[in-house]
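Enquirer: sequence plus the predicted model coming up.
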Amino acid sequence: MTGHPAPSGPCVVVAGGGTAGHIEPALALADAVMRLRPDARVVALGTERGLENKIVPARGYPLELIPPVPMPRKPTLDLLKLPLNVRGAVKQTREVLERVGADVVVGFGGYVALPAYLAARGRVPIVVHEANAKAGLANKVGAKFAEHVAAAVPDSGLTDAQIIGIPLRQSITTLNRAALRAEARRFFGLDPHAPVLLVFGGSQGARSINEAVAPVAAEFARAGVGVLHAYGPKNSVAVQQVPGRPPYVTVPYLERMDLAYAAADAVLCRSGAMTVAEVSAVGLPAVFVPLPIGNGEQALNAGPVVSAGGGLLVPDEELTPQKVASLVVPLMADRDRLAQMSRATLGTGRREADEVLARTVLDVIKK
């Protein structure tokens, strides 16, 4: 009995662990590479504590674990430990790159990307992708010795970056919301005809959204508006249902994001780069509530969609039940305005970033 021959194609190593905002673009790129080069191998780098441990194997890619290098935002004891942490992480990452036969390292920022860039420097070509409106420390370092730098939007702080948008899953970029709408509504137990607001805040950002939206359940119902609210696995919400009105459906987590988007007429959500890109690609009007952390990048991420007329921006501290009742409930009842906003947000979306980046990565290997 003969074994299968080893794949002869290129080996692409993607580094984007920690949050879904780093992992999802990395996996969208991985899928695009495999479509263009079925003989390729894609290996993901991650750490023991990141979301990638759940997401990457579920999508069918091997995951190699390396020590995390946290990025202190302020001068702390961690900053003093950084050179030592980095040296150990770089050494282990270099061993992984040699063992898997890496032909290119593609980094998406965050604490997995920095050791990957430093390990690859001078040995394996590097491609950097920046999803946020403001580049983080890891990508600023990686861009200094990368063969190619790509960014989602202009003015990210990385010079000479090619502006391509964010690589997104094909299940999102090819989503036909109208065709899936009836199935999606049945799946979640939503009213088949009422306008539906989709509400989610991610794992860390859900609490203040929950506290502002859930108390308004009766007002949504009386206005004839259904709600699909993902409140986050660590939280809980209590909702007052109005009998005979469109239901207010609560779930801890959305496994089927494609069906959630198809069921919705508008969305109230955070404005992480990935979320903004997905919402724009599927053409959903949005009420963005930037998470008040970091250097204000979430508000910047939402800027282009809001300027185009496809979204509204509500600062986190201003998101109260009163604000939701006075702003969001009337918006959901105004079908003409929702249609207008949908057209505007579609105009800002980019659907081909995954293949654009995949072609670039394969070209860098050819060189």
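Expert: Yes, it's here.
Enquirer: what's near enough to touch the residue nearest to the spatial centre of the chain?
Expert: Nearest to the geometric centre of the chain sits residue 274, at 2.9 Å (C-alpha atoms, centre = their mean). Shown in contact with residue 274 (C-beta atoms under 8 Å, 6 or more residues apart in numbering): 20-21, 24-25, 131, 166. C-beta: built from backbone N, CA, C; applies to glycine.
Enquirer: which of those lies closest to residue 100?
Expert: Checking the contacts of residue 274 against residue 100 with C-beta to C-beta, the nearest one is residue 25 at 20.5 Å.
Enquirer: give me the low-pLDDT residue ranges for this protein?
Expert: For the chain, residues meeting the criterion pLDDT under 70 lie at 1-7, 70-82, 203.
Enquirer: now the longest helix seen in it: buried residues?
Expert: Using DSSP state H, we find that the single longest helix of the chain is helix 77-100. By neighbour count on 16 or more other C-beta atoms under 10 Å, the buried set for helix 77-100 is 82, 85, 89-90, 92-94, 96-97, 100.
Enquirer: just stretch 150-162 next, same as before
Expert: 150-153, 156, 158, 161.
Enquirer: hmm, who's touching it?
Expert: 127-135, 139-140, 143, 148-149, 163-166, 273, 277, 301, 304, 353, 356-357, 360.
Enquirer: if we can go back for a sec, go through the contacts of residue 274 and name the one nearest residue 172.
Expert: residue 24 (9.3 Å).
Enquirer: now for that closest one: which residues touch it?
Expert: Here residue 24 is in contact with 55, 168-169, 274 (criterion: C-beta under 8 Å, 6+ apart).
Enquirer: can you put these in CSV and add distance to residue 217?
Expert: Output for those, formatted as CSV (distance: C-beta to C-beta, whole Å):
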residue, distance to residue 217
55, 31
168, 31
169, 31
274, 28
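Enquirer: any quick PyMOL command for the buried ones out of these?
Expert: To isolate the buried ones among these in PyMOL, judged by 16+ other C-beta under 10 Å, type:
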select buried, resi 55+168+169+274
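Enquirer: which ones among the contacts of residue 24 map onto helices?
Expert: 55, 274.
Enquirer: max pairwise distance over the contacts of residue 24: which two?
Expert: The farthest-apart pair in the contacts of residue 24, when distances are taken by C-beta to C-beta, is 55 and 168, at 14.6 Å.
Enquirer: which one of the buried residues of stretch 150-162 is nearest residue 243?
Expert: Using C-beta to C-beta, residue 152 comes nearest to residue 243 of the buried residues of stretch 150-162, at 45.1 Å.
Enquirer: quick one: the closest one from residue 161, how far?
Expert: Distance from residue 152 to residue 161, counting by C-beta to C-beta, to the nearest Å: 9 Å.
Enquirer: now do residue 245
Expert: 49 Å.
Enquirer: quick one: the strands in the chain?
Expert: For the chain, applying DSSP state E gives strands covering 11-15, 41-46, 63-65, 104-107, 126-130, 148-151, 162-163, 196-200, 226-230, 248-251, 266-269, 286-288, 311-313.
Enquirer: export those to TSV and tack on distance to residue 341?
Expert: As requested, those are exported to TSV (distance: least, C-beta to C-beta, whole Å):
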stretch	distance to residue 341
strand 11-15	34
strand 41-46	36
strand 63-65	39
strand 104-107	34
strand 126-130	27
strand 148-151	26
strand 162-163	24
strand 196-200	13
strand 226-230	18
strand 248-251	22
strand 266-269	8
strand 286-288	8
strand 311-313	7
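Enquirer: quick one: closest of those to residue 342.
Expert: strand 266-269 (8.4 Å).
Enquirer: for that closest one, packing partners?
Expert: In this structure, strand 266-269 makes packing contacts with strand 196-200, helix 206-213, helix 273-282, strand 286-288, judged by 3 or more C-beta pairs under 8 Å, 6 or more residues apart in numbering; DSSP states H and E.
Enquirer: make JSON lines out of the ones you listed and add distance to residue 366.
Expert: As requested, these are arranged in JSON lines below (distance: least, C-beta to C-beta, whole Å):
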{"stretch": "strand 196-200", "distance to residue 366": "41"}
{"stretch": "helix 206-213", "distance to residue 366": "44"}
{"stretch": "helix 273-282", "distance to residue 366": "28"}
{"stretch": "strand 286-288", "distance to residue 366": "39"}
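Enquirer: to residue 15, which of these lies closest?
Expert: helix 273-282 (16.3 Å).
Enquirer: next, the buried residues of the closest one.
Expert: Buried-residue list, helix 273-282, by 16+ other C-beta under 10 Å: 273-282.
Enquirer: for the residues you listed, could you give me JSON lines that also reports distance to residue 185?
Expert: Output for the buried residues of helix 273-282, formatted as JSON lines (distance: C-beta to C-beta, whole Å):
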{"residue": "273", "distance to residue 185": "29"}
{"residue": "274", "distance to residue 185": "25"}
{"residue": "275", "distance to residue 185": "22"}
{"residue": "276", "distance to residue 185": "25"}
{"residue": "277", "distance to residue 185": "25"}
{"residue": "278", "distance to residue 185": "20"}
{"residue": "279", "distance to residue 185": "19"}
{"residue": "280", "distance to residue 185": "23"}
{"residue": "281", "distance to residue 185": "21"}
{"residue": "282", "distance to residue 185": "16"}
